[in-house]
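*Asks:* Sequence and predicted model, in that order:
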Amino acid sequence: MAHKRGNRVSVSHVAQIILRGFLVAFVFLCPALLLPEISQDVSQGVTFLALLAAFVVVTEYSAAYPGLIEFRDAKPYNRARFVMFCVIVVSVTLLQREIVMASAPATWLTAVSATLGNILSFTFSPVSLLVSSLPQGVSAEHVEIVRVSTALAYTLSLLGLALFLLGLTLGYWPRRAHTFNVWVNLPNFDPTKGVDIVQRLERDAQINVVLGVILPFSLPALLHLSNFLVQPVTLETPLALVWGVTLWAFIPVNLIMRGVAMYRIAQLIRAQRRRVADAQDAVPLPPQSAYS
């Protein structure tokens with residue numbers, strides 16, 4: 001295996017970059033490949049978006065300096081987010097495939113989704129609010145499809161969040177043996193601007209967590225209000241349903257994960273400052289000269 005020499009990167013690093021781009025393109029193409037009756041125009045549009053997303057990822061991870069992607073050098077944070085996003089997309093896609101192909105026998109995924117839909121459809125729940133935001137005139141069958149799909153996506157997102165918090169609690173991320181570069185991992189965060197970096201990280205962390213908590217409840221209300229201004233969002237096509245439900249479930253959890261990660265980084269910086277201060281206090285002062 002070749003190692004890094006100067007500006008040249010190792011073969012393994014190039015392979016990892018290409019693999020990242022391929023996996024991102026696969027996630028974008030997966031719903032269009034698995035769902036039946038996708039038109040040629042839609043397939044071409046999805047292919048273009050998949051190639052564009054892969055190009056952005058490859059460019060970001062091959063660049064020497066940070067750009068858009070956060071936590072680029074703080075693995076496995078981005079890997080955990082991507083795995084959770086991929087699981088949600090594939091699971092909701094497979095569910096829609098089973099629903100569209102009604103001739104196929106129902107599997108455990110359909111049964112589990114229906115059970116989750118019944119459990120999470122209580123009053124003022126995010127699932128119930130999203131279903132109630134659908135415009136009038138939508139068939140009862142489609143309402144049921146949206147209900148079970150949102151319940152499945154929301155459950156998977158909460159499960160991914162729980163696993164992430166468990167990894168943080170067990171000290172799996174960030175690794176204590178590795179240094180955390182704020183500039184590389186938070187390229188849009190200026191540590192020299194405004195108040196102390198620890199206070200800014202904690203403030204931004206609180207904002208992200210609050211937004212992540214309220215978005216599942218506020219997005220359905222915004223969709224309902226949009227019905228009076230623009231064409232209502234019905235999610236009647238399987239492809240639109242997959243991406244709409246996935247983004248609705250993933251974005252709030254992603255904000256919470258980002259907020260928790262930033263708060264954890266603030267704690268690490270605070271602990272590092274405390275260790276430096278203790279080390280300086282432990283160093284004995286030189287003896288004072290009689291002529292000083």
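*Replies:* Yep, that arrived. Numbering: from 1, shown residues only.
*Asks:* all helices for the stretch 1-150 of the chain, in order.
*Replies:* Here the stretch 1-150 of the chain has its helices, by DSSP state H, counting those that start in this stretch, at 11-34, 40-62, 77-100, 108-119, 126-132, 140-169.
*Asks:* Out of these, flag the one nearest L223.
*Replies:* Nearest of those to L223, taken as C-beta to C-beta: helix 126-132 at 7.7 Å. (Glycine included, C-beta is placed from N, CA and C.)
*Asks:* which outside residues touch that closest one?
*Replies:* Taking contacts as C-beta atoms under 8 Å, 6 or more residues apart in numbering, the residues outside helix 126-132 that touch it are 117, 120-122, 143, 146-147, 150-151, 154, 216-217, 219-221, 223-224, 248.
*Asks:* can you rerun that using 10 Å?
*Replies:* 116-117, 119-125, 138, 143-144, 146-155, 215-221, 223-224, 235, 244-245, 248-249, 252 (C-beta atoms under 10 Å, 6 or more residues apart in numbering).
*Asks:* ok, now stretch 174-189?
*Replies:* With C-beta under 10 Å, 6+ apart as the test, stretch 174-189 has contacts from 60, 65-78, 168, 190-191, 197, 200-201, 204, 258, 261-262, 264-265, 268-269, 271-272.
*Asks:* what kind of secondary structure is Y172 in?
*Replies:* Secondary structure for Y172, judged by DSSP: H, G, I helix; E, B strand; the rest coil, is coil.
*Asks:* wouldn't it be in contact with R79 here?
*Replies:* No: judged on C-beta atoms under 10 Å, Y172 makes no contact with R79 at a distance of 11.8 Å.
*Asks:* Stretch 193-204 - what's its average pLDDT?
*Replies:* Summarised as a single mean, pLDDT over stretch 193-204 is 84.
*Asks:* Any buried residues in it, and which?
*Replies:* Neighbour counts over stretch 193-204 (16 or more other C-beta atoms under 10 Å) mark 197-198, 200-202, 204 as buried.
*Asks:* Could you list the alpha-carbon positions for that stretch in CSV?
*Replies:* C-alpha atoms of stretch 193-204 as CSV (Å, rounded to 0.1, in the frame of the first residue of the first chain):
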residue,chain,number,x,y,z
LYS,A,193,-15.3,35.6,15.5
GLY,A,194,-17.5,36.9,18.3
VAL,A,195,-17.4,35.5,21.8
ASP,A,196,-15.3,32.6,23.2
ILE,A,197,-15.3,29.5,21.0
VAL,A,198,-16.6,27.3,23.8
GLN,A,199,-19.6,29.6,24.4
ARG,A,200,-20.3,29.8,20.6
LEU,A,201,-20.2,26.0,20.2
GLU,A,202,-22.5,25.5,23.2
ARG,A,203,-24.9,28.2,21.8
ASP,A,204,-24.9,26.7,18.3
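*Asks:* Give me the residues contacting that stretch.
*Replies:* 182, 186, 189-191, 258-259, 261-270, 273.
*Asks:* Just the buried ones among these, please.
*Replies:* Here, 16+ other C-beta under 10 Å leaves 186, 189, 258-259, 261-266, 269 buried among these.
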